[in-house]
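1. Can you look at this prediction? I've put the sequence above it.
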Number of protein chains: 2
Amino acid sequence: PDDAAIAAARARDAQLTKPSGALGRLEELALWYAGWRGDARPRIARPQVAVFAGNHGVVARGVSAFPAAVTAQMVGNFEASGAAVNQLAACFGARVTVRALDLDRPTADFVEGPAMSEEELVAALVTGWEAVDPEADLFVAGEMGIGNTCSAAAIALALEGGEAADWTGRGTGVDAAGLARKTEAVAQGAARIAGEADPLEVLRQLGGREVAAMAGAILAARQHRIPVILDGFICSAAALVLHRAAPGALDHAVAGHLSAEGGHRRLLDALGKAPLLSLGLRLGEGSGAALAIGVLKGALACHSGMATFEEAGVSGG
Amino acid sequence: PDDAAIAAARARDAQLTKPSGALGRLEELALWYAGWRGDARPRIARPQVAVFAGNHGVVARGVSAFPAAVTAQMVGNFEASGAAVNQLAACFGARVTVRALDLDRPTADFVEGPAMSEEELVAALVTGWEAVDPEADLFVAGEMGIGNTCSAAAIALALEGGEAADWTGRGTGVDAAGLARKTEAVAQGAARIAGEADPLEVLRQLGGREVAAMAGAILAARQHRIPVILDGFICSAAALVLHRAAPGALDHAVAGHLSAEGGHRRLLDALGKAPLLSLGLRLGEGSGAALAIGVLKGALACHSGMATFEEAGVSGG
């Protein structure tokens, strides 16, 4: 981040027509955003929401409430602007881009062996990297992939430890028997690679293509100095891979929301991020982060649009 | 609320391309809004943010960090679109209206006697009532009034009991000595009318013109079936008067945010409202509620804009 821009933004904030600190977290967000954009008085004009889709071999174990065919059906829905994330993105002036990653070729079942080959992992990371619009000024990575909370939970368990049940939730709404199968798959997958310390290898072993693409996209946004809003459980698992690979890798990201998915609070704690919203969403797609675009736009609108005490002829405190 | 519209909205929600319940609180908000608008598939197109300003005799006791002159200066800032609430309203397509209530004639010091005469109370209630645009489809009441957290705390203490310190916070940032004076004024004001059971009489005795105007406006919105987003501590104190006067009087309102002002959580508990946002704001003006307009617009955009399973050719769970 650009320290000079942050200092100039802080000086501006002190002159705005409000008691010092009265906008709470909006003030912190404005300084953080100013630093990453290198601009003391920026606006958010070109947000991008990139949705990545992938299919998962582990679905054959009955870990989801929906059949794998829904992944491709929902990609069609994203492309036709019919999904929740489309409505939220439109609300806040964001463009939605969609990348389906080899939906007809699911990852291998991670309980049995590596989910992806090295080539497949790299291809997915690159797809994510290339999906980021360098001209965007805010980035959200969303996902669709029947079975991907199972993959995300396995990644979290492998990287953070604990019990499989700590990380495994209902996802799209699996029943009790399905949850038990899911928890067992998560436990077995993580146990299969016990001791693996390389976060990217954990991603290859247990991840999905869309999870890897999100990681690649979050990295690319960093390269382009585009601030990121993280979405829910799956996005946070992708972010955890980066966080464990390089401390500070997520300094350009804020947590958009706390999902209702069981393990998300623990995952945000692992990332050291406090969510902007907590409204019980558990949809994925980037929906929670897209909703948080409104908060960030509001923060920057205040910071960059408010009058100063001097401009407004208002007495300071 | 319109039960048929709620039932139709619920039926629609069940058909949207998402797992049941996956949009969490956004789904509840959509049904609530549909009920008050009598429309199973509504959009928010014409939100209004009405800012009311008043001055307070109690300020002479040194209870605020800012001089009373700032109230009028900030009214100028609202009218020139320079304040935080103007930026947030513009972000979410809301119109801001401003009503200054007799700024050159502060209320009487409520420690000594009634803040307002009966005529003054009625005039302020009517000003609030008439400020509501009947064509608005969402309403936020905001305020500006140096000293008004002191008035709001006294109202809360008189109506809810407890200790003065439970309800008295730093407001715009008063120092420790000012906070002690403020707490003492709150205690003395409430003690002066101990036993008073009529909420409107409490409002007359301890309130301010802008606080009364907010109460009048929230009532008018109910009459026009316009859903309301409550703002922070002062707005919530105005709402508390209505809540104690008539159970259910705030059914058409949601709490926009949890303010950083000390007593706000307790006040929301008294109202039985869970806030949509909790971002440490403590500015008033309607700013927290204006930010929450984005959440509500997002909720209705999803509800009314998403494709159904059938429309999108997506398999249900």
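-> Ah, there it is.

2. May I have the residues that are in contact with the residue positioned nearest the centre of chain A?
-> With distances taken as C-alpha atoms, centre = their mean, chain A has A:Leu230 as the residue nearest its mean C-alpha position (3.0 Å). A:Leu230 makes contact with A:141, A:218, A:236, A:239, A:250, A:253-256, A:271, A:273, A:289 under the criterion C-beta atoms under 8 Å, 6 or more residues apart in numbering or on different chains. Where C-beta positions appear, they are placed from N, C-alpha and C, glycine not excepted.

3. Quick check: bridge partners of it?
-> For A:Leu230, the beta-bridge assignment (DSSP bridges) gives partners A:Ala255.

4. just wondering, since we're on it, how far is it from A:Ala249?
-> 12 Å (C-beta to C-beta, to the nearest Å).

5. Check A:Gly288 too.
-> Taking C-beta to C-beta as the measure, A:Gly288 falls 21 Å from A:Ala249.

6. again with A:Ala7
-> Noted for A:Ala7: a distance of 24 Å to A:Ala249, by C-beta to C-beta.

7. The longest helix anywhere in chain A to helix B:287-305, inter-axis angle?
-> In chain A, with assignment by DSSP state H, the single longest helix is helix A:287-305. If you take axes from the mean of the first three to the mean of the last three C-alpha atoms, to 10 degrees, helix A:287-305 sits at 140 degrees to helix B:287-305.

8. Residues contacting the next helix or strand after helix A:287-305, please?
-> Next helix or strand after helix A:287-305 toward the C-terminus (DSSP states H and E): helix A:309-312. Residues outside helix A:309-312 that contact it (C-beta under 8 Å, 6+ apart): A:15-17, A:315-316, B:73-74, B:76-77, B:80, B:82-83.

9. May I have helix A:309-312 as PDB, with CA atoms only?
-> The C-alpha coordinates for helix A:309-312 follow below in PDB (Å, rounded to 0.1, in the frame of the first residue of the first chain):
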ATOM      1  CA  PHE A 309     -15.200  22.000   8.200                       C
ATOM      2  CA  GLU A 310     -13.700  24.900   6.300                       C
ATOM      3  CA  GLU A 311     -15.600  24.400   3.100                       C
ATOM      4  CA  ALA A 312     -18.900  24.100   5.000                       C
END
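
10. Give me the distance from it to the chain's centre.
-> Centre-to-centre, helix A:309-312 and its host chain are 39 Å apart (C-alpha atoms, centre = their mean, to the nearest Å).

11. And that helix, what's buried?
-> For helix A:309-312, burial by neighbour count (16 or more other C-beta atoms under 10 Å in any protein chain shown) applies to A:309, A:312.

12. ditto for stretch A:299-309
-> Residues of stretch A:299-309 classed as buried: A:299-307, A:309 (neighbour count, 16+ other C-beta under 10 Å).

13. which regions of the stretch 1-150 of chain A sit below the pLDDT cut-off?
-> In the prediction, the stretch 1-150 of chain A carries no residues with pLDDT under 70.

14. same check, this time on the stretch 201-317 of chain A
-> Across the stretch 201-317 of chain A, the ranges flagged by pLDDT under 70 are A:317.

15. Which segments of chain A make up each domain?
-> Here the domain parsing of chain A from automatic domain parsing is A:3-41+A:303-312, A:47-295.

16. most packed of these?
-> The highest average neighbour count among the domains of chain A, using mean count of other C-beta atoms under 10 Å in any protein chain shown, belongs to domain A:47-295 at a mean of 23.

17. residues in the stretch 151-300 of chain A within reach of chain B, list them.
-> Contact residues (C-beta under 8 Å from any C-beta of the partner chain) of the stretch 151-300 of chain A with chain B: A:172-173, A:260, A:276-283, A:287, A:290-291, A:294-295, A:297-298.

18. can you give me the strands for the stretch 151-300 of chain A?
-> Per DSSP state E, counting those that start in this stretch, the stretch 151-300 of chain A carries strands over the ranges A:228-230, A:253-255.

19. Could you export these to TSV, including columns for distance to A:Glu28?
-> Shown next, in TSV, are those (distance: least, C-beta to C-beta, whole Å):
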stretch	distance to A:Glu28
strand A:228-230	14
strand A:253-255	9
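
20. which one of those lies closest to B:Gly207?
-> Distance to B:Gly207, taken as C-beta to C-beta, is lowest for strand A:253-255 among those, at 38.9 Å.

21. thinking again about what came up before, including distance to B:Arg37, could the domains of chain A go into JSON lines?
-> JSON lines is the format used below for the domains of chain A (distance: least, C-beta to C-beta, whole Å):
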{"stretch": "domain A:3-41+A:303-312", "distance to B:Arg37": "29"}
{"stretch": "domain A:47-295", "distance to B:Arg37": "18"}
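
22. which one of those domains lies closest to B:Gly128?
-> Counting by C-beta to C-beta, B:Gly128 lies closest to domain A:3-41+A:303-312 out of those; the figure is 23.8 Å.

23. B:Gly21 is in contact with A:Gly173, correct?
-> Yes. A:Gly173 is within contact range of B:Gly21, at 7.4 Å (criterion: C-beta atoms under 8 Å).

24. Surely A:Val98 forms part of a strand?
-> Yes. Secondary structure of A:Val98 (DSSP: H, G, I helix; E, B strand; the rest coil): part of a strand.

25. which residues does it form a beta bridge with?
-> Under the criterion used (DSSP bridges), A:Val98 bridges to A:Val51.

26. That one against A:Val75, yeah?
-> Yes. Counting by C-beta under 8 Å, A:Val75 is a contact partner of A:Val98 at 6.2 Å.

27. on contacts alone, who are the packing partners of the helix or strand containing A:Trp32?
-> Assigned by DSSP H and E, A:Trp32 falls within helix A:25-37. Counting contacts by 3 or more C-beta pairs under 8 Å, 6 or more residues apart in numbering or on different chains; DSSP states H and E, helix A:25-37 is packed against helix A:3-15, helix A:287-305.

28. who touches the closest residue to A:Cys91 other than its chain neighbours in this structure?
-> The shortest distance from A:Cys91 to any non-neighbouring residue, by C-beta to C-beta, 6 or more residues apart in numbering or on different chains, is to B:Ala301 (4.8 Å). Residues near B:Ala301 by C-beta under 8 Å, 6+ apart: A:87-88, A:90-91, B:43.

29. mind listing what A:Thr17 touches?
-> Applying C-beta under 8 Å, 6+ apart, one finds that A:Thr17 lies in contact with A:306-309, A:312, A:314, B:74, B:77, B:82-84.

30. actually A:Trp36, not the one I wrote
-> By C-beta under 8 Å, 6+ apart, the neighbours of A:Trp36 are A:1-2, A:225-227, A:252.

31. I'd like to know which of these is nearest to chain B.
-> If you rank the contacts of A:Trp36 by distance to chain B using C-beta to the nearest C-beta, A:Pro227 comes first, at 17.0 Å.

32. Next, work out how far apart the nearest residue to A:Gly162 once chain neighbours are set aside and A:Ser259 are.
-> Excluding the flanking residues, the one nearest A:Gly162 by C-beta to C-beta, 6+ apart is A:Arg266, at 7.6 Å. To A:Ser259, A:Arg266 is 11 Å away according to C-beta to C-beta.

33. Would you mind listing what in the stretch 1-150 of chain A touches chain B?
-> Listed as neighbours of chain B in the stretch 1-150 of chain A under the rule C-beta under 8 Å from any C-beta: A:16-26, A:65-67, A:69-70, A:73-74, A:76-77, A:80, A:82-84, A:86-88, A:90-92.

34. what do you get if the cut-off is 7 Å, keeping everything else the same?
-> For the stretch 1-150 of chain A, the residues in contact with chain B (C-beta under 7 Å from any C-beta of the partner chain) are A:17-20, A:22-26, A:65-67, A:69-70, A:73-74, A:76-77, A:80, A:82-84, A:87-88, A:90-91.
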